[in-house]
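# please find the sequence and the predicted model below.
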Amino acid sequence: MSASELFPILIASFLFDIIPQVCCRYFVVEFCPNDLFTNTKADLGPCGKIHDENLKRMYQEDSDTYKKSLYQDDFLKFCQRMLAELQSKIKRAKERLLLTQQNEERMLNAGGTGVTGGQNVEADEKVRKEKVEFTN
């Protein structure tokens with residue numbers, strides 16, 4: 001067997017040893033989560049690992065289904081954890097919004113100054129109606 005024939009076999013045998021140290025294991029499974037949500041509050045920042053299409057192709061062509069399933073399970077757990085965190089953030093933001101709307105409504109109903117500082121009663125009433133429509 002020549003060196004050119006042996007090289008792909010050696011690379012494939014060390015593939016699962018190479019990936020966690022050098023290459024982004026999420027990228028080889030499907031995609032890198034660091035590439036998602038860029039320029040948002042949920043931005044994870046740049047990935048510190050290599051995104052190599054050749055390693056990804058070799059991973060997908062590899063026949064070791066047990067090791068592949070471990071990587072896939074890890075990827076799914078990470079995605080589920082991210083989803084749960086983002087859903088929690090969304091829930092908290094909606095609760096804060098509702099609380100703010102209720103406080104504004106209480107101020108308006110009690111004759112307070114409301115959003116515009118009491119200078120424009122019509123604008124305060126319009127904002128209050130928009131908020132009520134938004135929550136329905």
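Perfect, I can see it now. Numbering: from 1, shown residues only.
# what's around the closest residue in space to K68 that isn't next to it in sequence, how many residues?
Counting by Cβ to Cβ, 6 or more residues apart in numbering, K68 lies nearest to D62, which is 6.5 Å off, once chain neighbours are set aside. Bear in mind the C-beta positions are built from the backbone N, C-alpha and C, glycine included. D62 has 15 neighbours, counted by other Cβ atoms under 10 Å.
# and L97, by the same measure?
13.
# what of the one 10 residues further on?
Using other Cβ under 10 Å as the criterion, M107 is surrounded by 16 other residues.
# SS state for it?
Of the three states, M107 takes helix under DSSP: H, G, I helix; E, B strand; the rest coil.
# and it, how far is that from L97?
Between M107 and L97 the computed distance is 16 Å (Cβ to Cβ, to the nearest Å).
# now do the contacts for the residue nearest to C24 when sequence neighbours are not counted.
The shortest distance from C24 to any non-neighbouring residue, by Cβ to Cβ, 6+ apart, is to K49 (3.7 Å). Residues in contact with K49, defined by Cβ atoms under 8 Å, 6 or more residues apart in numbering, are V22, C23, C24, R25, F27, C32.
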